[in-house]
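> The following comprises the amino acid sequence and a computationally predicted model.
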Amino acid sequence: MSKTVLSPIISGTMNWGIWDKNLTAKEMENMIQICIENKITTFDHADIYGSYTTEAAFGKAFQSSKISREKLQLITKCGIQMIAENRPENKIKHYEYSKEYIVWSAEESLKKLKTDYVDVFLLHRPSPLMQADEIAEAVEKLKSEGKIIDFGLSNFTSSQTELIRQKTEVSYNQVQFSATHYEAMLDGSLDYMQTHRICPLSWNPLGTVFREDTKKTRRLKKLLSDLVKKYSFGSDTLLLAWILKHPAGVVPIAGTVNVARIQSLMKAVELEMDKEDWFAIWTESMGDDVP
């Protein structure tokens, strides 16, 4: 069970750096402040974001902000080996989960993020070659040294999670879950996490509703336009509320840097969506009635 208390909505930093928004140090500092002012105190990172540069950019902004470390929670991930300018040794994209690498990666993240510890440390994607005993040794070392508080996984199936959980405590699993990608609630993933008191984190919580023009997204947009009138909340807030209603206690990771949207995100926590509206969103996504 997690020792960390995360904010009900998490700020995802994947697009803060050179991969997308390319925020300046001052803009990043302001973004951290805005999130915290709106009660979004948890920030989701990974070593690879910005081709291994975003953690350091965030760390500098955090240091300049003078915000107390106790006021925020930091999540980061390791394991994916990308082909990047500052990783010349990588000839092909792959995964690395040796004890030495996990410990080294965690310590590198601490240096870049300008912190003595991360609240949640995740393995980014499962590797067919991962050794559960070796992973457990690395996790226990990092925990005993106070460098990580909680440990978890990302994009792991239930059986892969069980493999790791047999050797060391797993508190989180970050999976894709949204109104357009709801497989996690049908394939047993969310059930498994509820059973074992693992907190699910949801990446891409808005799904493809605003990014694709398909029969599915058109159906959802039509329904959402009606629900916006009923609840007086925006479509993105309604989609987050849909996730939050699931009993597994899913925590969405929102990647927006739009100030107005950030200010409205936490409204999803207050919104109690009617059960039939919840099922209506799922129905329109499937394109058929529930079985």
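Done, it's in. Numbering: from 1, shown residues only.
> my read is residue 121 is in a strand, agree?
Yes - for residue 121, which was evaluated using DSSP: H, G, I helix; E, B strand; the rest coil, the result is membership in a strand.
> Next one: it relative to residue 262, how far apart?
Taking C-beta to C-beta, to the nearest Å as the criterion, residue 121 is separated from residue 262 by 25 Å. Placement of C-beta: from N, CA and C, glycine included.
> Also residue 42?
Between residue 42 and residue 262 the distance is 13 Å, computed by C-beta to C-beta.
> Which other helices and strands does the longest helix seen in the chain contact?
Scanning the chain for the longest helix, with DSSP state H as the assignment, gives helix 215-231. In terms of contact count using 3 or more C-beta pairs under 8 Å, 6 or more residues apart in numbering; DSSP states H and E, helix 215-231 is assigned the packing partners helix 235-244, helix 275-286.
> deepest of those helices, which one?
When the helices and strands packed on helix 215-231 are scored by mean count of other C-beta atoms under 10 Å, the highest mean neighbour count falls to helix 235-244 (a mean of 23).
> tell me the angle of that helix relative to helix 215-231?
With axes from the mean of the first three to the mean of the last three C-alpha atoms, to 10 degrees defining the directions, helix 235-244 sits at 100 degrees from helix 215-231.
> Could you dump the helices and strands packed on helix 215-231 into a markdown table and include mean pLDDT and distance to residue 27?
Conversion of the helices and strands packed on helix 215-231 to a markdown table gives the following (pLDDT from 0 to 100; distance: least, C-beta to C-beta, whole Å):
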| stretch | mean pLDDT | distance to residue 27 |
| --- | --- | --- |
| helix 235-244 | 97 | 22 |
| helix 275-286 | 98 | 34 |
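> Turn the ones you listed into a markdown table, including distance to residue 56.
Listed next are the helices and strands packed on helix 215-231 as a markdown table, based on distance: least, C-beta to C-beta, whole Å:
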| stretch | distance to residue 56 |
| --- | --- |
| helix 235-244 | 29 |
| helix 275-286 | 38 |
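> out of these, nearest to residue 171?
Distance to residue 171, taken as C-beta to C-beta, is lowest for helix 235-244 among these, at 19.1 Å.
> before we move on, the earlier item: among the helices and strands packed on helix 215-231, which comes closest to residue 211?
Closest approach to residue 211 among the helices and strands packed on helix 215-231 is made by helix 235-244 (12.0 Å; C-beta to C-beta).
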